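Sequence isn't available, so here's the structure alone:
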């Protein structure tokens, strides 16, 4: 048995090339995977000291990583930073350590939040506005939103953060796709008692296999998260690579510019093919098409995997091709090449 | 703030070289770390495919790893294998997903089990015999035991496993140090509904920084663990390295023999220095000495870190030196060189 989110699982995820290969065995290899929001041009792996592999990660390694994250994410001084094995690790953990009855999720979004709260017994509702989140015990805002890229501005989130702090509730702001839009980050709110801001390392840095993410929150809440994660919750290589990459602001600036250029090219390409742009971030773009389902199948048959949404049959999300080969394959599959 | 188990934390762990350096700033470098039970001769890192770093780990990677673990651990066909980021990840998780009121722990042992159950509201008692564990909701047996190496034989654990299965309880058998004593493994019991067997990859393979461990249990329980871990709970490099290393039975046999030889040399060396052998595994040895506290300090002053136990002031645990340089430093520090 296995429960690692096959294409048929209740929660579909991008990146399931193995399942796509099984479903479309005649598609040409190599597959072009545009089904994720992972930067196709990863941060170059630095030399990793042997001790990062052989020894248990020590306090100094966590401190270095968390200091680099603090600067990169512009976290306020009075907020704590907790490193974990991916933003998903925190999404799994939050409902267990801060149980709640009524959870509000803003908009159609990354499904794991609602699923994890529901799995822990919460009643989960999706709402359309930040104001509607006020009445819940826990509010979840994915920002920018995945898949449509909607930004909730810090000034709009402030009152909700204050209200959650006042009543002992929790506002979770999942900034997994915020790295290239830092000016919109709600990290200044992360020192409030009623707020947790989540960050993902692997998407913007193109190293999703590393499993690294962060929670930014008040120190008392951070202590609870750390205790629940236990010692050594991040691998030695992730600690070393993350510390170096997060300190490299020049790489981040260049990557942001490169991804923005690729994203604009994606908009032009898909528009030419008759798709309507709905939104996105510079790591993925969301399009609408009356025949989106047919396009999904046609692209798969040509070895191009994009992200479909069973609940939104007219939507397709495209990640960045990242290489001229991938661009050619995409254009050919779209029959505009 | 940080809670990554400093030397002063409620739970002391081995491997805290950074804290030792701060406490003994005049000790010669490099420190010789004998405070852990990690094989000092690690499995050689294979070439890691770029995709292991860049992509989200997929189902096929989990399946390969779990198949290799199934063979290496001689798991019965009807038991499931769940991979996680270290045995510790399961120790943190078990009390949250299988809550219980009364937990019995066999003997003085690895402290995280009791601490994690207590942190989740359980009443934890330490008992001296397997029979005494029968009356608890959850029983924890670390096997071989850390630090004294006591083996609980499968035939002795069988009735407890049956009783836990009968009454809906849970027997946790932590086999983190079983790799080089496989004939004693209780993995044949892992298909019983009331049993979870835990395995650690990093200790025997000398790759503790990788964060990889397993739970062997009945399929229904495995499904609950998988859901709680969420997708992508193991890093891409850990999946790739683990799958290759666990399939390499020749390396494991040679490593077992090498470690046994080192362990015997440790026994001879410490006995010569006036220590009394209490037990251990081929990855660490436990000794008694009336002046163990003084020896701990003297060894630290000479840059040799061993494992002390605040609750057992006359005990010291020594890991394997692993190199002639380390042996010379140890002998010199013991003043027998």
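That came through fine. The structure displayed is predicted, hence computed values, not measured ones.

so what's the residue lying closest to residue A:322 once chain neighbours are set aside up against?
Once flanking residues are discounted, residue A:322 sits nearest to residue A:40: 2.5 Å by C-beta to C-beta, 6 or more residues apart in numbering or on different chains. The way it works is simple: take the backbone N, C-alpha and C, and place the C-beta from them, glycine included. Listed by C-beta atoms under 8 Å, 6 or more residues apart in numbering or on different chains, the contact partners of residue A:40 are A:206, A:319, A:320, A:321, A:322, A:323, A:326.

Could you grab the helix/strand/coil label for the residue nearest to the first one when sequence neighbours are not counted?
Read it as residue A:206. Spatial nearest neighbour of residue A:206, excluding adjacent residues (C-beta to C-beta, 6+ apart): residue A:42 at 3.0 Å. For residue A:42, the secondary-structure state derived from DSSP: H, G, I helix; E, B strand; the rest coil is coil.

Do I have it right that residue A:42 meets residue A:207?
Yes: Residue A:42 is in contact with residue A:207 according to C-beta atoms under 8 Å; the separation is 5.3 Å.

a strand runs through residue A:280, doesn't it?
Yes: under three-state DSSP, residue A:280 sits within a strand.

and it, what is it in contact with?
Counted by C-beta under 8 Å, 6+ apart, residue A:280 has contacts A:147, A:148, A:149, A:263, A:286, A:317.

Report pLDDT for the second one.
To tie it back to what came earlier, the one meant is residue A:148. On the pLDDT scale, residue A:148 is placed at 97.

From the chain's centre, how far out is the longest helix seen in chain A? Work that out for me.
The residue-count maximum for a helix in chain A (DSSP state H) belongs to helix A:249-272. Remark: helix A:249-272 is offset 17 Å from the chain centroid, using C-alpha atoms, centre = their mean, to the nearest Å.

Skipping its backbone neighbours, what lies nearest residue A:112 in space?
residue A:91 (5.1 Å).

what's the distance between the residue nearest to residue A:322 and residue A:319?
Going from residue A:40 to residue A:319 by C-beta to C-beta, to the nearest Å gives 7 Å.

How about residue A:236?
For residue A:236, the distance to residue A:319 - C-beta to C-beta - is 29 Å.

Kindly report the same for residue A:305.
9 Å.

tally of neighbours for residue A:310?
The local packing of residue A:310 (other C-beta atoms under 10 Å in any protein chain shown) involves 8 other residues.

Helix or strand: which one has it?
Assigned by DSSP states H and E, residue A:310 belongs to no helix or strand.

Among the contacts of residue A:40, name the ones in helices.
Filtering the contacts of residue A:40 for helices - DSSP H - leaves residue A:326.

List the ones among the contacts of residue A:40 that fall in strands.
residue A:319 (DSSP state E).

surely residue A:197 meets residue A:188?
No: in this structure residue A:197 lies outside contact range of residue A:188 using C-beta under 8 Å: 9.4 Å.

These two: which is more packed in?
residue A:197 (30 against 18).

Let me see the contact set for that one.
Per C-beta under 8 Å, 6+ apart, neighbours of residue A:197: A:73, A:173, A:175, A:185, A:186, A:187, A:189, A:190, A:215, A:216, A:217.

Among these, find me the one that's closest to chain B.
residue A:217 (11.5 Å; C-beta to the nearest C-beta).

Identify the residues contacting that closest one.
Contact analysis of residue A:217 by C-beta under 8 Å, 6+ apart lists A:79, A:80, A:82, A:190, A:191, A:195, A:196, A:197, A:225.

I'd like to know which of those is nearest to residue A:55.
The nearest member of the contacts of residue A:217 to residue A:55, counting by C-beta to C-beta, is residue A:82 at 21.1 Å.

show me where pLDDT drops low in chain A?
A:1-11, A:337 (pLDDT under 70).

Now for residue A:305 and residue A:319: what residues contact both?
In contact with both residue A:305 and residue A:319: A:33, A:34, A:35, using C-beta under 8 Å, 6+ apart.

List only those of the contacts of residue A:197 flagged as buried.
Buried members of those, scored by 16 or more other C-beta atoms under 10 Å in any protein chain shown, are A:73, A:173, A:175, A:185, A:186, A:187, A:189, A:190, A:215, A:216, A:217.

list the contacts for the second one?
By C-beta under 8 Å, 6+ apart, the contact list for residue A:173 reads A:141, A:143, A:152, A:157, A:186, A:189, A:195, A:196, A:197, A:198.

Quick check: it is in a strand.
Yes: with three-state DSSP as the criterion, residue A:173 is assigned to a strand.

Any idea what it is bridged to?
residue A:141, residue A:197 (DSSP bridges).

Next to chain B, which bits of the stretch 201-337 of chain A? Give me the list.
A:202, A:206-211, A:219, A:222-223, A:226-238 (C-beta under 8 Å from any C-beta of the partner chain).

Give me the subset of those residues lying in helices.
A:219, A:222, A:223, A:226, A:227, A:228, A:229, A:236, A:237, A:238.

There's contact between residue A:172 and residue A:141 in this structure, I believe.
Yes: Residue A:172 is in contact with residue A:141 according to C-beta under 8 Å; the separation is 7.2 Å.

From what I see, residue A:188 and residue A:154 are in contact.
Yes: in this structure residue A:188 lies within contact range of residue A:154 using C-beta under 8 Å: 6.3 Å.

quick one, the helix or strand in which residue A:88 is found and helix A:219-229 angle?
If you go by DSSP H and E, residue A:88 is part of helix A:87-97. Going by axes from the mean of the first three to the mean of the last three C-alpha atoms, to 10 degrees, helix A:87-97 is angled at 100 degrees with respect to helix A:219-229.

can you list the domain ranges for chain A.
A:17-41+A:251-333, A:51-247 (automatic domain parsing).

who wins for proximity to residue B:247 among those?
Among those, domain A:51-247 sits nearest to residue B:247 (C-beta to C-beta), with 18.7 Å.

Spell out the secondary structure type for residue A:290.
Of the three states, residue A:290 takes coil according to three-state DSSP.

ok so, going back, how about CSV for the buried ones among the contacts of residue A:197, with secondary structure and distance to residue B:69 added?
Putting the buried ones among the contacts of residue A:197 into CSV (DSSP: H, G, I helix; E, B strand; the rest coil; distance: C-beta to C-beta, whole Å) gives the following:
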residue, secondary structure, distance to residue B:69
A:73, coil, 36
A:173, strand, 37
A:175, coil, 35
A:185, coil, 40
A:186, coil, 41
A:187, helix, 39
A:189, helix, 43
A:190, helix, 39
A:215, strand, 30
A:216, strand, 35
A:217, strand, 35
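
separation between the residue lying closest to residue A:252 once chain neighbours are set aside and chain B?
Excluding the flanking residues, the one nearest residue A:252 by C-beta to C-beta, 6+ apart is residue A:179, at 6.8 Å. Using C-beta to the nearest C-beta, to the nearest Å, residue A:179 is found at 16 Å from chain B.

from what I can see residue A:179 touches residue A:249, true?
No: with contact defined as C-beta under 8 Å, residue A:179 does not reach residue A:249; the gap is 11.2 Å.

burial count for residue A:165?
18.

Weed out the non-buried ones from the residues of the stretch 201-337 of chain A next to chain B.
Members of those classed as buried by 16+ other C-beta under 10 Å are A:202, A:206-211, A:222-223, A:226, A:228-238.

that older thread, dump the residue contacts of the residue nearest to residue A:252.
A:199, A:203, A:204, A:205, A:252, A:256.
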